[in-house]
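In: Next input, structure requested:
(chains A and B)
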Number of protein chains: 2
Amino acid sequence: MSLPDSGRVLSIQSHVSYGYVGGKAATFPLQLLGYDVDVVNTVNFSNHSGYRRFGGTKANATELTEILAIMKTNGVLQPSRLLTGFIPGAEALTAVANVARNLIEETPNLIYLLDPVMGDAGVLYVAADVIPVYKSLLPKSTIITPNWFEVEVITDVKIIDATSLRQALTILHTTYAVPNVVISSIPVKEWLTEFMPSSLRPDETSDWLLCLASSRVDGLSGPSIVYAACVPFIPGYFSGVGDLFSALVLGHYSPSAQAALPAAVSQALSKTHGILRLTDAYASTLPEADRQPTDDELDAADPERRVRRMRGRELRLIQGQNILRGDAVERSWQLSEWVDFWRD
Amino acid sequence: MSLPDSGRVLSIQSHVSYGYVGGKAATFPLQLLGYDVDVVNTVNFSNHSGYRRFGGTKANATELTEILAIMKTNGVLQPSRLLTGFIPGAEALTAVANVARNLIEETPNLIYLLDPVMGDAGVLYVAADVIPVYKSLLPKSTIITPNWFEVEVITDVKIIDATSLRQALTILHTTYAVPNVVISSIPVKEWLTEFMPSSLRPDETSDWLLCLASSRVDGLSGPSIVYAACVPFIPGYFSGVGDLFSALVLGHYSPSAQAALPAAVSQALSKTHGILRLTDAYASTLPEADRQPTDDELDAADPERRVRRMRGRELRLIQGQNILRGDAVERSWQLSEWVDFWRD
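Out: Down below sits the predicted model:
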């Protein structure tokens, strides 16, 4: 009658009262998968910052440290998995990093998914002094889920071709000793289409994103074994997608399974894409004023325009809970091995 | 494929990182029922105060007002239902009360479940100046879910017999103009056994609790129509039960249904009792040191004793999500009409 115990996730992320980013995008999906989620809020905001108008408070390093210290004293800081996301300042991130280090020391099997949330599409949205803290924390992670921009920030490599992509992954796996790297959505440009094997290449001509999962393996021709899949790009920016995806990767990751990383990423990708499609379909039913395309100039002239779009694009997690449970995934996206990734 | 839209609940309650009280006890069950839940945190604590050791921050009136004001400016303060629970200070409660009044004015059909969280079993755990604020807010509610001690605090009537119970309910329905009153667990003492009709009286001799739902109706012999059911008492104090129950009453309340209140309360009672049984069964599997009975003297001598018991009694909401969804309710508790409640 009751579900099996999936375990306990400590999730340290932002909280918004309205909508689904950060902890609000991660907690419910993990709970549906059977995890008890201990939710530590790094900020308490009204809504996500993409609305531009938002308010509330940030937890400072002292507050975060106190909450986690009391949990420890009470014997309730015993997660089997750790998930860290948006932590806006270097001091708060350092406090979280210290807790992460202690937890890993006490729990050698702790699975730590680190989402190094720093920015997107060329724009940093954390203070620059956060970057070195993330760099020092990376070797403690089990899985990281940067977007391509965050990969560039960490590795100082601009990803423009096969060589630079290989170089960036090498730095993550060797310099930063990260066992598992997942980059969920690399825009499929010409160089990438030419680089990827024909088995991965999409038949249809439209915009695609590449999802890449790379696990470090010793004694191979390259530093890792790479899996990948292409998924269709859904136009428009939807906030919280990365947070949802990371939570699902962590939730589905089963370290003892064969090809554990691509198996988890395939599930996470399929469910995230399903939720995105549901959200996009919902947004398309809204009045025209609520579904205007992204246009920074028009938004600047009329801030309500941006707010209306943001409202219409909040993830439909509640309405899509069958998808998240795996009962209603319309189309499944399976990653397959990219055999010649490291071969010139 | 996607669930129907149940609507949107604005939930203003406490947050704890570990465990299930306040918002952590209410949000997940409402999400499972298909509600988008806008979560405004009145406190951010490590764990509930029953552990005695807890830490974190309280949101002050200014912070709560700001978050709710920005949600309003962004057009995202549009709940169809409102749920308020633990709000520890009079100033913060006043801020929430103002928002509630405005919402009700703008949304005449708003369903407002007010849980006047003030104390339990003879002990107040909010400041005394909270009481008049609750009293002034009661007439705005659709449903209230006080425990019997909170009924006594609001009405200044000590419930010791049929007369005082009738008197307290009359005050709630008339002086405070509350349409629906639910008292989830009145200890069934001798006077109550004698008062209740034989159809309600339990056959087995053990400890029982009475769950009572009273809806104001004009033009009857008394001020309300009363429904009730007896459920077995599960020994031990489990935190968050009231928060879970209130959320389920709100979630299941369908104002256009026949006998809307007892229908919702029957569902809430059955599911809450199912979760309690699951939690109790889990607690009984723990090592003896983690399931010592409540004993304030022994707890005072050894604070760890209390902490261990609290940990073992955290509600098993995640493991019991099938119960919360209604797929696995082992035994259903239906309220029936207490026809002669108001007849001397």
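
In: Poorly predicted segments of the stretch 151-300 of chain A, please.
Out: A:220 (pLDDT under 70).

In: What segments of it are helices?
Out: Taking DSSP state H, counting those that start in this stretch to define them, one finds helices in the stretch 151-300 of chain A at A:162-170, A:190-195, A:241-252, A:260-283, A:296-301.

In: for the stretch 1-150 of chain A, same thing?
Out: Under DSSP H, counting those that start in this stretch, the stretch 1-150 of chain A gives helices at A:22-32, A:61-73, A:90-106, A:130-137, A:148-155.

In: Could you check the angle the longest one makes with helix A:61-73?
Out: Put plainly, it is helix A:90-106. With axes from the mean of the first three to the mean of the last three CA atoms, to 10 degrees applied, the angle from helix A:90-106 to helix A:61-73 works out at 20 degrees.

In: how far away is A:Val329 from A:Ile323?
Out: Using CB to CB, to the nearest Å, A:Val329 is found at 6 Å from A:Ile323. The C-beta positions use only the backbone N, C-alpha and C, and glycine is treated the same way.

In: which residues are in contact with both of the two?
Out: A:271, A:274 (CB atoms under 8 Å, 6 or more residues apart in numbering or on different chains).

In: Compare those two (neighbour count), which wins?
Out: Set side by side, A:Val329 and A:Ile323 show more neighbours around A:Ile323, with 25 against 19, by other CB atoms under 10 Å in any protein chain shown.

In: coming back round to it: buried deepest among the helices of the stretch 151-300 of chain A, which one?
Out: When you average the neighbours per residue for each of the helices of the stretch 151-300 of chain A (mean count of other CB atoms under 10 Å in any protein chain shown), helix A:241-252 leads with a mean of 26.

In: and that helix with helix A:22-32, angle?
Out: Going by the same axes, to 10 degrees, helix A:241-252 makes 30 degrees with helix A:22-32.

In: Now do helix A:241-252: which elements does it pack against?
Out: If you count contacts as 3 or more CB pairs under 8 Å, 6 or more residues apart in numbering or on different chains; DSSP states H and E, helix A:241-252 packs onto strand A:7-16, helix A:22-32, strand A:81-84, strand A:111-114, strand A:180-187, helix A:260-283.

In: so can I have a markdown table of those showing distance to chain B?
Out: Putting the helices and strands packed on helix A:241-252 into a markdown table (distance: least, CB to the nearest CB, whole Å) gives the following:
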| stretch | distance to chain B |
| --- | --- |
| strand A:7-16 | 7 |
| helix A:22-32 | 5 |
| strand A:81-84 | 13 |
| strand A:111-114 | 18 |
| strand A:180-187 | 23 |
| helix A:260-283 | 6 |
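
In: Just tell me which of these ends up closest to B:Arg313.
Out: strand A:7-16 (16.2 Å; CB to CB).

In: mind checking how far A:Asp295 is from chain B?
Out: 19 Å (CB to the nearest CB, to the nearest Å).

In: separation between that residue and A:Arg305?
Out: Taking CB to CB, one finds A:Asp295 at 8 Å from A:Arg305.

In: the more surrounded of those two?
Out: A:Arg305 (16 against 12).

In: Pull the residues that contact the helix or strand where the more buried one lies.
Out: Assigned by DSSP states H and E, A:Arg305 belongs to helix A:303-312. Helix A:303-312 has contacts (CB under 8 Å, 6+ apart) with A:19, A:47-48, A:50-53, A:239, A:282-283, A:286, A:289-292, A:294, A:298-299, B:74-76.

In: Also stretch A:184-198?
Out: Stretch A:184-198 is contacted from outside by A:145, A:147-148, A:159-162, A:165, A:201-202, A:207-212, A:228, A:230-231, A:233, A:242, A:245, A:269, A:272, A:338-340, using CB under 8 Å, 6+ apart.

In: What of stretch A:43-60?
Out: A:14-19, A:21-22, A:41-42, A:67, A:86, A:88-89, A:91-92, A:125, A:237, A:239-240, A:303, A:306-307, A:310, B:41, B:44, B:57, B:59, B:63, B:66-71, B:73-74, B:76.

In: Spatially nearest residue to A:Leu110, not counting backbone neighbours?
Out: Leaving aside its chain neighbours, A:Leu110 sits nearest to A:Ile104 (5.3 Å; criterion: CB to CB, 6 or more residues apart in numbering or on different chains).

In: what does the stretch 51-200 of chain A have sitting close to chain B?
Out: Contact residues (CB under 8 Å from any CB of the partner chain) of the stretch 51-200 of chain A with chain B: A:51, A:53-57, A:59, A:63, A:66-71, A:73-77.

In: how does it look with 6 Å?
Out: Contact residues (CB under 6 Å from any CB of the partner chain) of the stretch 51-200 of chain A with chain B: A:51, A:53, A:55-57, A:63, A:66-67, A:70-71, A:74, A:76.

In: Could you export the residues you listed as a markdown table, including pLDDT?
Out: As requested, those are exported to a markdown table (pLDDT from 0 to 100):
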| residue | pLDDT |
| --- | --- |
| A:Tyr51 | 91 |
| A:Arg53 | 92 |
| A:Gly55 | 93 |
| A:Gly56 | 94 |
| A:Thr57 | 93 |
| A:Glu63 | 94 |
| A:Glu66 | 96 |
| A:Ile67 | 96 |
| A:Ile70 | 96 |
| A:Met71 | 96 |
| A:Asn74 | 95 |
| A:Val76 | 95 |
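
In: can you pull the contacts of the closest residue to A:Leu244 other than its chain neighbours?
Out: In space, and not counting its chain neighbours, A:Leu244 is closest to A:Ala25: 4.5 Å by CB to CB, 6+ apart. Counting by CB atoms under 6 Å, 6 or more residues apart in numbering or on different chains, A:Ala25 makes contact with A:240, A:243-244.

In: for A:Gly119, what are its contacts?
Out: A:125, A:149 are the contacts of A:Gly119 under CB under 6 Å, 6+ apart.

In: How much space separates it from A:Pro88?
Out: 12 Å.

In: Could you do A:Val178 as well?
Out: Per CB to CB, A:Val178 is found 23 Å from A:Pro88.

In: Next, count neighbours for A:Leu209.
Out: Around A:Leu209 there are 19 residues (other CB under 10 Å).

In: Can you verify my assumption that A:Val37 contacts A:Leu30?
Out: Yes. A:Val37 is within contact range of A:Leu30, at 5.1 Å (criterion: CB atoms under 6 Å).

In: who touches both of those two?
Out: A:Val9.

In: Isn't A:Val117 up against A:Ile87?
Out: No. Using CB under 6 Å, A:Val117 is not in contact with A:Ile87, being 7.5 Å away.

In: Have a look at these two and say which one is more surrounded.
Out: The residue with more neighbours, out of A:Val117 and A:Ile87, is A:Ile87; 30 against 26, by other CB under 10 Å.

In: Find the nearest non-adjacent residue to that one, please.
Out: A:Leu93 (4.5 Å).

In: Model confidence for that neighbour, exactly?
Out: A:Leu93 is assigned 95 on the pLDDT scale.

In: I figured it hits A:Gly85, correct?
Out: No. A:Leu93 is beyond contact range of A:Gly85, at 11.0 Å (criterion: CB under 6 Å).
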